[in-house]
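Chemist: One predicted model, sequence on top.
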Amino acid sequence: MGGAYLCFVVLGAGVLAPWNAFITAVDYFAKVYPGEHMDRKVTVCYIPALVLTMLLTIRFHNLLSSRFRMLVGFGGFSILLFAVPVVDALFVRDSAAPPVAQYLTLAAVFGTGILDGVAQGAVLGDASYLPGRYQQAFSSGTAASGVLVSLLRVFTKFGFGDSWVGLRRSTMLYFITALAVTSLCFFLAAYVVPRLPTVVYYRDLARAFETGSGVLPMELDVGGDLVVANDGTEDGNLALVPGSQKKADYLHVTYKLRHVIIGLVMIYTVTLTIFPGVVAEDVHSGQLGDWYNVLLVLVYNCGDLGGKSLPAVTGIIRNRLRLMAWCAARFVFLPIFYVAVMIWPDGHPGIMALLVLVLGLSNGFVTSNAFMVAPRGLQGQEVDLSGSLLVFALAIGLLIGAGGGWLWLLAER
């Protein structure tokens, strides 16, 4: 089972690798397109594209298989990741570029958002047919992508410096690394994952239950114990119910997942209101200089990875109302960070690092729990559809949180 777990970690990293490449290259974009606020434009192009694509994916869910969506997503990523290096080679001269270069770059960002909407829900939906440890693997992979890019940024900042040549080399390295990850994901989705014994077993089990010809499945729980699945109630371990041949009704599944969906919206509303905007722009250190913000982003990403890995050890929050309460409790971070930034905008890096670490840990922990508890009690194709619905809820939270970041700027005035 280790091979299947590792595959879903890599696939989780792959769906966010292109996005991380674009947002990590903001220093390069600021140099090439001065005064154009490319950091905000990248977000404005990416997140609405993701949300709109997820809406279409949910509405026409039954038309395309999850494997086809993964291949389209990762194959498309591998093509669009060439955009920035090609634009750089064709248009950028002495850190200056014409407007058409910016338009092409933003078009690539928009396309990447569309492909994220195509691929991410498919990967999570595929993982949801398997025991909970595989949804946790996907979740940890998304966090690992952030850690990888943060480490790359530290490495390139130390090795290449902040000169124009250094920024250019760093940016090319971000996109080459992301290209390598998405290309590997395409290979895994096309040739490896469909043939893994664990995946084949649970897929066959799902088909048997959809036709009513299977026996009650047994599932490996998060801690590795073999448990008999129950009758599909909310707090049980069953993701598949026998005799479910009808197509999934997205409105019905949305109602079933309402607690988890609301929870995910709350999680990412809070997180995106604070991170990366406040961490990257609103706190400073006279001793650490611009290294301070780079290191804080790394601390957050490491915390996020740790939080998303915790349920593999601690087990999950099975009660969905309790999970919603955990998500709602994170709103306390908004006044805490506001007070901290107002009091210590230019000092106390230890306190700020601790706050950022806890923010990342809590974000990862509740996200991983939401992904793992959602498929329990669903029937047949509803399991696959749940992946798209969860990613859509996450994207709505990102959209609201991005708007919250602008409100933060108004509050500081």
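Modeler: Structure received.

Chemist: can you list the weak-confidence ranges in the stretch 151-300 of the chain?
Modeler: Within the stretch 151-300 of the chain, the set of residues satisfying pLDDT under 70 comprises 209-248, 280-282, 284, 286.

Chemist: ranges for the strands of it?
Modeler: Along the stretch 151-300 of the chain, counting by DSSP state E, counting those that start in this stretch, strands occupy 218-220, 226-228.

Chemist: same for the helix ranked longest in the chain, what does it pack against?
Modeler: For the chain, the helix reaching the highest residue count under DSSP state H is reported as helix 381-412. Counting contacts by 3 or more Cβ pairs under 8 Å, 6 or more residues apart in numbering; DSSP states H and E, helix 381-412 is packed against helix 38-59, helix 99-127, helix 250-256, helix 258-274, helix 333-343, helix 349-373. Every C-beta, even on glycine, is put in place using the N, C-alpha and C of the backbone.

Chemist: Of all those helices, which one is nearest residue 6?
Modeler: Comparison of the helices and strands packed on helix 381-412 against residue 6 by Cβ to Cβ identifies helix 99-127 as nearest, at 12.6 Å.

Chemist: could you give the angle of that closest one to helix 38-59?
Modeler: Direction vectors for helix 99-127 and helix 38-59, defined by axes from the mean of the first three to the mean of the last three Cα atoms, to 10 degrees, enclose an angle of 40 degrees.

Chemist: Helix 99-127 - what's its average pLDDT?
Modeler: Mean pLDDT, taken over the full extent of helix 99-127, equals 93.

Chemist: so how far is that helix off the chain centroid?
Modeler: Relative to its parent chain, helix 99-127 has a centroid offset of 13 Å by Cα atoms, centre = their mean, to the nearest Å.

Chemist: What is it packed up against?
Modeler: helix 2-24, helix 38-59, helix 66-80, helix 83-91, helix 132-160, helix 381-412.

Chemist: Can I get stretch 177-186 in PDB, CA atoms only?
Modeler: C-alpha atoms of stretch 177-186 as PDB (Å, rounded to 0.1, in the frame of the first residue of the first chain):
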ATOM      1  CA  THR A 177      10.600  22.000 -11.300                       C
ATOM      2  CA  ALA A 178       6.800  22.400 -11.600                       C
ATOM      3  CA  LEU A 179       7.000  21.000 -15.200                       C
ATOM      4  CA  ALA A 180       8.900  18.000 -13.900                       C
ATOM      5  CA  VAL A 181       6.300  17.300 -11.200                       C
ATOM      6  CA  THR A 182       3.300  17.600 -13.500                       C
ATOM      7  CA  SER A 183       5.000  15.400 -16.100                       C
ATOM      8  CA  LEU A 184       5.500  12.800 -13.500                       C
ATOM      9  CA  CYS A 185       1.900  13.100 -12.500                       C
ATOM     10  CA  PHE A 186       0.700  12.600 -16.100                       C
END
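
Chemist: from what I can see residue 172 touches residue 85, true?
Modeler: Yes. With the criterion set as Cβ atoms under 8 Å, residue 172 and residue 85 qualify as a contacting pair; they are 5.8 Å apart.

Chemist: Next, the buried residues of the longest helix of the chain.
Modeler: Within helix 381-412, the residues scored as buried using 16 or more other Cβ atoms under 10 Å are 381-402, 404-405, 408.

Chemist: and the angle from it to helix 99-127?
Modeler: Using the same axes, to 10 degrees, helix 381-412 lies at 140 degrees relative to helix 99-127.

Chemist: avg pLDDT for helix 381-412?
Modeler: 81.

Chemist: Please state the offset of it from the chain centre?
Modeler: Going by Cα atoms, centre = their mean, the spacing between the C-alpha centre of helix 381-412 and its chain's C-alpha centre is 11 Å.

Chemist: by how many degrees do that helix and helix 349-373 diverge?
Modeler: Inter-element angle recorded for helix 381-412 and helix 349-373: 160 degrees (by the same axes, to 10 degrees).

Chemist: Tell me what angle helix 381-412 forms with helix 333-343.
Modeler: Interaxial angle of helix 381-412 relative to helix 333-343 (the same axes, to 10 degrees): 30 degrees.

Chemist: Residue 323 touches residue 373, doesn't it?
Modeler: Yes. Residue 323 sits in contact with residue 373 when judged by Cβ under 8 Å, with a separation of 6.4 Å.

Chemist: what sits in contact with each of these two?
Modeler: Common neighbours of residue 323 and residue 373, counting by Cβ atoms under 8 Å, 6 or more residues apart in numbering, are 260, 317.

Chemist: Tell me how far the closest residue to residue 33 other than its chain neighbours lies from residue 108.
Modeler: Using Cβ to Cβ, 6 or more residues apart in numbering and skipping residues adjacent in sequence, the residue nearest residue 33 is residue 102, 5.2 Å away. The gap separating residue 102 from residue 108 is 11 Å, by Cβ to Cβ, to the nearest Å.

Chemist: what does stretch 311-331 contact?
Modeler: By Cβ under 8 Å, 6+ apart, the residues outside stretch 311-331 that reach it are 132-133, 136, 140, 221-223, 234-235, 259-260, 262-264, 266-267, 270-271, 362-363, 365-366, 368-370, 372-373, 376.

Chemist: Next, the buried residues of that stretch.
Modeler: 311, 312, 316, 317, 320, 323, 324, 326, 327, 330.

Chemist: got it, and stretch 287-302?
Modeler: For stretch 287-302, the neighbour count (16+ other Cβ under 10 Å) marks 292, 293, 294, 295, 296, 297, 298, 299, 300, 301, 302 as buried.

Chemist: and which of those residues is nearest residue 162?
Modeler: When the buried residues of stretch 287-302 are compared against residue 162 (criterion: Cβ to Cβ), the nearest one is residue 294, at 10.9 Å.

Chemist: so the closest one touches residue 151, yeah?
Modeler: No. Taking Cβ under 8 Å as the contact criterion, residue 294 and residue 151 are not neighbours in contact, 10.5 Å apart.

Chemist: Wait, residue 151 touches residue 297, no?
Modeler: No. The pair formed by residue 151 and residue 297 falls short of the contact definition of Cβ under 8 Å, at 10.6 Å.
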